[in-house]
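>>> Generate a structure from the sequence data that follows.
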Amino acid sequence: MSSNTLILSNGIEMPIIGLGTSGASSDILIAAVKTAINTGYRLIDTAAAYNNEEAIGEAICQCISENLVKREDLFIVTKCPTPFLHPNKQESALKESLQKLKLGYIDCYLAHNPCPTDLTVKVEDIWKGLEMLYEKKLAKSIGLSNFNLEKIQRILNIAKIPIHCVQIELHLYFQQKEMLEFCRKHKIAIMAYAPLGAPNRSFYKRFCIFCNQSSVIPFEDPLIIELAKKYLKTPAQILLRHLIQSNLNVIPKSTNEARIKENFDVFDFKLSGEEMEKLNSVKQNSRTFWLDFLIGHLEDPFKDERQKQME
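From the prediction side, this is the model:
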């Protein structure tokens, strides 16, 4: 069986599965986070831009006060928002997140994207700011979200502290194999968001254009359905197991109690080598989350991919 944690390059243990919270409204999120922690989740992923850190902080406080979990058992991830990516503004953004989360430190702090509001700031500057937060022990690990290979390499060229984690869209139909190979070479852990292929796509239309998207979602893939029947599991559990077995962290988002529990129930079976090969060979599609609000920015990470989609 795969371990339930990944070891970051600085020795920190990161749970291999966590609860995603993007788009979750605060009124139902407290119950969802408490359900997740009760179920066994120890990683919660959020961001300042999600506007739900206060609800997550309240849920964490309740769980700690009820002796359901200790702070040191949790791995909390949040992200620096675009207007605060300037290295001189990151600390104030992180401290505001910590205040809302009711925490003294964050386990992993990510730059949410490579496109600062201040156009004079380059990705190299973003990383230098994150390094300062790490050195001040405000964050136990630091990383990037929605960066492409070229920008990650630029950071590696100047980094004094290694990139511990990269959060990217990754699922059955968008496996990002070149990115995987690159990150493994440089000992960078990968956190896969939308690991189920974003079945609730209609909610996210304000964030992206669905260029050349197949009407079929991973849940409906014949191979996934076949494996679900074989292992007496749900399609979601097969999709998550495939990524976990590839040593990728996954953060499926749900506020539904049954699905939160279902998504965590993936450690009592193992896909065979042949089955993993078949899943790794599934025909690939384009990304779902194009982050169109970054179009026109000098550091737009998906500019080249968009151009290819239009050809």
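>>> Tell me the helix or strand right after the helix or strand hosting residue 59.
Secondary structure assignment for residue 59, by DSSP states H and E: helix 53-65. Per DSSP H and E, the first helix or strand lying C-terminal to helix 53-65 is strand 75-80.
>>> So which elements touch that next one?
strand 13-15, strand 43-45, helix 53-65, helix 90-101, strand 108-111 (3 or more C-beta pairs under 8 Å, 6 or more residues apart in numbering; DSSP states H and E). Bear in mind the C-beta positions are built from the backbone N, C-alpha and C, glycine included.
>>> out of those, deepest packed?
Compared across the helices and strands packed on strand 75-80, strand 108-111 shows the largest average neighbour count, a mean of 26 (mean count of other C-beta atoms under 10 Å).
>>> Return the alpha-carbon coordinates of that one using PDB.
Extracted C-alpha coordinates of strand 108-111, given in PDB (Å, rounded to 0.1, in the frame of the first residue of the first chain):
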ATOM      1  CA  CYS A 108       2.500  25.300   3.300                       C
ATOM      2  CA  TYR A 109       2.300  28.800   1.700                       C
ATOM      3  CA  LEU A 110       1.900  29.000  -2.000                       C
ATOM      4  CA  ALA A 111       2.000  31.800  -4.500                       C
END
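>>> Quick one: mean pLDDT for it?
Taken as a whole, strand 108-111 carries a mean pLDDT of 98.
>>> Ok, stretch 141-157 next?
98.
>>> end-to-end on that stretch?
Using C-alpha to C-alpha, to the nearest Å, the end-to-end distance of stretch 141-157 comes out at 19 Å.
>>> Report the distance from it to the chain centre.
Put simply, stretch 141-157 sits 14 Å off its chain's centre (C-alpha atoms, centre = their mean, to the nearest Å).
>>> Skipping adjacent residues, who's closest to residue 143 in space?
Excluding the flanking residues, the one nearest residue 143 by C-beta to C-beta, 6 or more residues apart in numbering is residue 165, at 3.5 Å.
>>> The one you found is in contact with residue 192, isn't it?
No. Under the criterion of C-beta atoms under 8 Å, residue 165 is not in contact with residue 192, lying 11.2 Å apart.
>>> Mutual contacts of these two, please.
Shared contacts of residue 165 and residue 192 (C-beta atoms under 8 Å, 6 or more residues apart in numbering): residue 249.
>>> Now do the contacts for residue 159.
Residues in contact with residue 159 (C-beta under 8 Å, 6+ apart) are 127, 131.
>>> Begin at 145 from now on, thanks
That works, and once the first residue is 145, the last one we named lands at residue 303.
>>> where along the stretch 345-455 of the chain do the strands fall?
Taking DSSP state E, counting those that start in this stretch as the criterion, the stretch 345-455 of the chain carries its strands at 393-394.
>>> where does it dip in pLDDT?
By pLDDT under 70, the low-scoring segments of the stretch 345-455 of the chain are 345-360.
>>> Then the stretch 145-294 of the chain?
145-146.
>>> quick one: contacts for residue 177?
Going by C-beta under 8 Å, 6+ apart, residue 177 touches 163, 165, 188, 199-200, 203-204, 207.
>>> If we use 7 Å, what do you get?
Contact partners of residue 177, counting by C-beta atoms under 7 Å, 6 or more residues apart in numbering, are 163, 188, 200, 203.
>>> what secondary structure does residue 270 sit in?
On the three-state scheme (DSSP: H, G, I helix; E, B strand; the rest coil), residue 270 is labelled helix.
>>> Repeat that for the one 3 residues further on.
Each residue gets one of three states, and residue 273 gets helix by three-state DSSP.
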